[in-house]
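make a model of this:
(one chain, ligands or ions: 1)
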Amino acid sequence: MNKINLLSRIQYLYKHENKNIIQYLKKISNTSSNSIEDILISYDFQAGNYTKSYKENPNAKKHHLKNLIEVLDDLNGCKTILEVGVGEATSLLEIIKSSRVNYDKIFGFDLSWSRIKYAKKLLEEGQLSEVELFTGDLFNMPLANNSIDLVYTVHALEPNGGKELEALKELYRVASKYVVLVEPYYEGANSEAKERMDRLGYIKGLEDKINQLGYKILLNKALNNDMNPLNPANIIVIEKQKDDHKPPAILCCPVTKSPLKFIKGCYYSEESLLAYPLIDGIPCLLSNNAIIATKFLDD
Ligand SMILES: C[S@@+](CC[C@H](N)C(=O)[O-])C[C@H]1O[C@@H](n2cnc3c(N)ncnc32)[C@H](O)[C@@H]1O
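Alright, predicted model coming up:
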């Protein structure tokens, strides 16, 4: 079901009837799992909310992420870092500000363009405008194999219940050293929290699925500083098996995984013959943003 033509109706329901968008979208398509389109629409409408609550109480975020920051700081030899599903970069900002590590390159992407717009503004205000931000889908990441030393998520896999294996494989593909997950711990939740996670279509069974894929878990422990007791989370650190292949370029076409070059004001892949636009300076790297441009390089 294509829900793009429903956006103004959804805006009305969100603003005037305070409807939960993702539940509404699932109801009209009569499904129990969250589609990528449902997640995108729902988070895009909520853009601005995280920035607002972060600015009202930055210490709450700092406290929430304290254990994660310590874990990330102990991972040696990481020069590049990426937050997948970065949202409005409230976590990324706090992590980079508090970390003892000086990363050479910092990346963040999200499904939602509007949330990246807020992320950009927050990072500029926090003197971190060098962070590279773009839109993308974690199931088709616009990044080359082994291109980022440390790939992490903070509650971004969360709404993608049922697709845990695909998500893990894609994160592992892009990481060159570590994947770190702060994600719901369904198995350790009480019955009220489990009922909520089931209703919201959250992921579950991450440890089992990581073992099923044969990945090496270095650490799996409770985050402890959960902001929401109905959403307990664990920190899981996965170490990637050594692979010395270094990619020629970090950004790649999400469809073919061939290198993307910034040419004539957009990102272009000579191999896939697809162009990806920038809107208000934000590269739009979802596969359905691709524009077929076979003659793009012609004069
Ligand atoms: C709960 S928010 C967390 C945002 C951010 N990580 C933080 O800590 O503030 C989840 C974010 O994950 C993003 N997300 C969910 N599924 C995604 C996917 N398949 N690809 C990219 N981003 C995704 C959502 O758009 C949303 O911004």
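
residues contacting the most centrally placed residue in the chain?
For the chain, the residue nearest the mean C-alpha position is G85 (1.5 Å; C-alpha atoms, centre = their mean). By C-beta atoms under 8 Å, 6 or more residues apart in numbering, the contact set of G85 is F109, D110, L111, L138, T153, V154, H155, A156, L157. (Each C-beta comes from the backbone N, C-alpha and C, glycine too.)

please repeat the previous calculation with a cut-off of 7 Å.
By C-beta atoms under 7 Å, 6 or more residues apart in numbering, the contact set of G85 is D110, L138, T153, A156.

and for E207?
N220.

repeat for Y172
Shown in contact with Y172 (C-beta under 7 Å, 6+ apart): V179, Y215, I238, K240.

cool, A233 as well?
Contacts for A233 (C-beta under 7 Å, 6+ apart) come out as H155, V182, E183, P184, Y185, L223, D226.

spatially nearest residue to it (excluding sequence neighbours)?
L223 (4.5 Å; C-beta to C-beta, 6 or more residues apart in numbering).

ok, now K62?
Spatial nearest neighbour of K62, excluding adjacent residues (C-beta to C-beta, 6+ apart): E94 at 5.6 Å.

do you know how far the one you found is from M197?
25 Å (C-beta to C-beta, to the nearest Å).

residues near E125, how many?
Number of residues near E125 (other C-beta atoms under 10 Å) recorded here: 12.

check what pLDDT it gets.
Looking at E125, its pLDDT stands at 97.

next, give phi and psi for it.
Per-residue torsions, E125: phi -60, psi -30 (degrees, to the nearest 10).

do you know how far it is from Y118?
In terms of C-beta to C-beta, E125 sits 11 Å off from Y118.

same deal with E17?
Applying C-beta to C-beta, the value for E17 to Y118 is 24 Å.

the two: which is more packed in?
Y118 (21 against 8).

the more buried one against E88, yeah?
Yes - between Y118 and E88 there is a contact at 4.2 Å, judged by C-beta atoms under 7 Å.

return every residue with contacts to both of those two.
Jointly contacting Y118 and E88 under the rule C-beta under 7 Å, 6+ apart are A47, T51.

so which residues on this structure come close to the ligand?
36, 39, 43, 50, 85-87, 90-91, 110-112, 115, 137-139, 154-156, 158-160 (C-beta under 6 Å from any ligand atom).

show only the entries of these found in strands.
Taking DSSP state E, the ones among those that sit in strands are D110, V154.

any quick PyMOL command for the buried ones out of the residues of the chain next to the ligand?
To isolate the buried members of those in PyMOL, using 16 or more other C-beta atoms under 10 Å:
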select buried, resi 36+39+43+50+85+86+87+90+91+110+111+112+115+137+138+154+155+156+158+159+160
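
surely F139 meets E170?
Yes - using C-beta under 7 Å, F139 is in contact with E170, at 5.8 Å.

and the nearest residue to N289 once chain neighbours are set aside, its phi and psi?
Spatial nearest neighbour of N289, chain neighbours left out: Y276 (5.7 Å); criterion: C-beta to C-beta, 6+ apart. Main-chain torsions, Y276, degrees, to the nearest 10: phi -120, psi 130.

from the ligand, how far out is Y276?
According to C-beta to the nearest ligand atom, to the nearest Å, Y276 and the ligand sit 16 Å apart.

all helices for this protein, in order.
Counting by DSSP state H, the chain has helices at residues 7-16, 21-29, 36-46, 49-56, 58-73, 90-98, 113-125, 164-174, 191-200, 206-212.

what residues are up against the closest residue to M197 other than its chain neighbours?
Spatial nearest neighbour of M197, excluding adjacent residues (C-beta to C-beta, 6+ apart): Y186 at 5.5 Å. Residues near Y186 by C-beta under 7 Å, 6+ apart: K194, M197, Y202, K204, G205.
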